[in-house]
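**Student:** with the input below, show me the fold.
(chains A and B)
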Amino acid sequence: MSISPFIIAFVGVIGLLGIGFYGLMVCRNLIKIVIALQILVKAALLGLMAAGNLNGQINLSQSMALTVIVADTIVAVMGIALGVQIRRRVGTLDVRELSRLKG
Amino acid sequence: MLFGPLIIVTIIFALQAILAKQLITSALWLAGVSALCSVLFFLFGAQLVAVIELSVGAGLVTVLFVFAISVAGDDAMDATPVPPRLLSVGLAAIFILLLGWFILPASADTLPVSAIANPPLAQVLWQERGLDLIVQVVLIFSGVLGLLGLLAEVRPPLDASMAGEVGARRQRDLHAMESQISNPQEAGK
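**Tutor:** All right, here's what the predicted structure looks like:
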């Protein structure tokens, strides 16, 4: 019995979501957190494509995925810019150090 | 099929992106994840999204990451995560198991297949999902504005000496104009 490609894709979606979730919990570097967010979004996109193909509505999935890609890129760019500014002003990218700042 | 090995390699790349000590290595593993995801999209029949993911996800975002890391510096700091590592692994495993429990029983045979025909992409993109395009334009515009605001250099206030210098220059110009008015013949010569 061969496993359906959709099941394999959904296993990949679950794996990527788990890795991204783990990265969000473990990482302390601000840029690494943005990378973990990117992995989560890749998982969501993969799930969207697999569901669209399974449902026979791949073009609808594509048009939705375009919006997700645009929003994801904006989030990445803003996160990176925020990280660069925080590094310039505070001198660290460690989120634990940032949460200790007062005033 | 190609799907199994591709998914396994994608998961390995994503794991490496999280576990890598250096930020630049992490960004390069993420570019690999993007490239593999775009291959998967292509195999699922989404050619447009595959091309955009390859150019934006693996190209633009990686360049931005490399630029940011070169500006902000590549500090390796994976000493002790905020929650203990074991707790994080346990929570992620519970998350994966729960998600698998809810998603995976829906196999290809049991999922309902829509009876609606698959309209062409241009019709879906420009007519049915026209609002999404407006949202995308607004997102890009606000993103560019936010980026400019974040990356703008703060100008220091004018020093007193500089203000004095500007004032003295204005006084000099004023005197020159007054002398021109009082002695037009000398100014004409």
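
**Student:** ok, now which ones touch residue A:64?
**Tutor:** Applying Cβ atoms under 8 Å, 6 or more residues apart in numbering or on different chains, we find residue A:64 in contact with A:48, B:129, B:132. The C-beta positions use only the backbone N, C-alpha and C, and glycine is treated the same way.

**Student:** tell me which of these is nearest to residue A:17?
**Tutor:** For those, the residue nearest residue A:17 by Cβ to Cβ is residue A:48; the value is 12.8 Å.

**Student:** chain center to whichever strand or helix holds the closest one, what's the gap?
**Tutor:** Using DSSP states H and E, residue A:48 falls within helix A:30-55. Distance of helix A:30-55 from the chain centroid (Cα atoms, centre = their mean, to the nearest Å) equals 6 Å.

**Student:** ok, residue B:83 touching residue A:25?
**Tutor:** Yes. Between residue B:83 and residue A:25 there is a contact under Cβ atoms under 8 Å: 5.8 Å.

**Student:** ok, residue A:86 - how many residues close by?
**Tutor:** 18 (other Cβ atoms under 10 Å in any protein chain shown).

**Student:** now the one helix or strand it maps to: buried residues?
**Tutor:** Secondary structure assignment for residue A:86, by DSSP H and E: helix A:58-89. Within helix A:58-89, the residues that count as buried by 16 or more other Cβ atoms under 10 Å in any protein chain shown are A:58-67, A:69-84, A:86-87.

**Student:** tell me who's in contact with the nearest residue to residue A:65 once chain neighbours are set aside.
**Tutor:** Once flanking residues are discounted, residue A:65 sits nearest to residue B:49: 4.6 Å by Cβ to Cβ, 6 or more residues apart in numbering or on different chains. Shown in contact with residue B:49 (Cβ under 8 Å, 6+ apart): A:45, A:49, A:61, A:62, A:65, A:66, A:69, B:38, B:41.

**Student:** and the nearest residue to the first one once chain neighbours are set aside, how far is that from residue A:39?
**Tutor:** Okay, so that is residue A:45. Excluding its sequence neighbours, the residue lying closest to residue A:45 (Cβ to Cβ, 6+ apart) is residue A:65, at 5.5 Å. For residue A:65, the distance to residue A:39 (Cβ to Cβ, to the nearest Å) stands at 16 Å.

**Student:** farthest-separated two in the contacts of residue B:49?
**Tutor:** Largest pairwise distance in the contacts of residue B:49, by Cβ to Cβ, is 14.6 Å, between A:61 and B:38.

**Student:** which helix or which strand is home to the nearest residue to residue A:47 once chain neighbours are set aside?
**Tutor:** Among residues not flanking residue A:47 along the chain, residue A:13 sits closest, at 4.3 Å (Cβ to Cβ, 6+ apart). According to DSSP H and E, residue A:13 maps onto helix A:5-26.

**Student:** could you give the angle of that helix to helix A:30-55?
**Tutor:** Put simply, helix A:5-26 runs at 160 degrees to helix A:30-55, going by axes from the mean of the first three to the mean of the last three Cα atoms, to 10 degrees.
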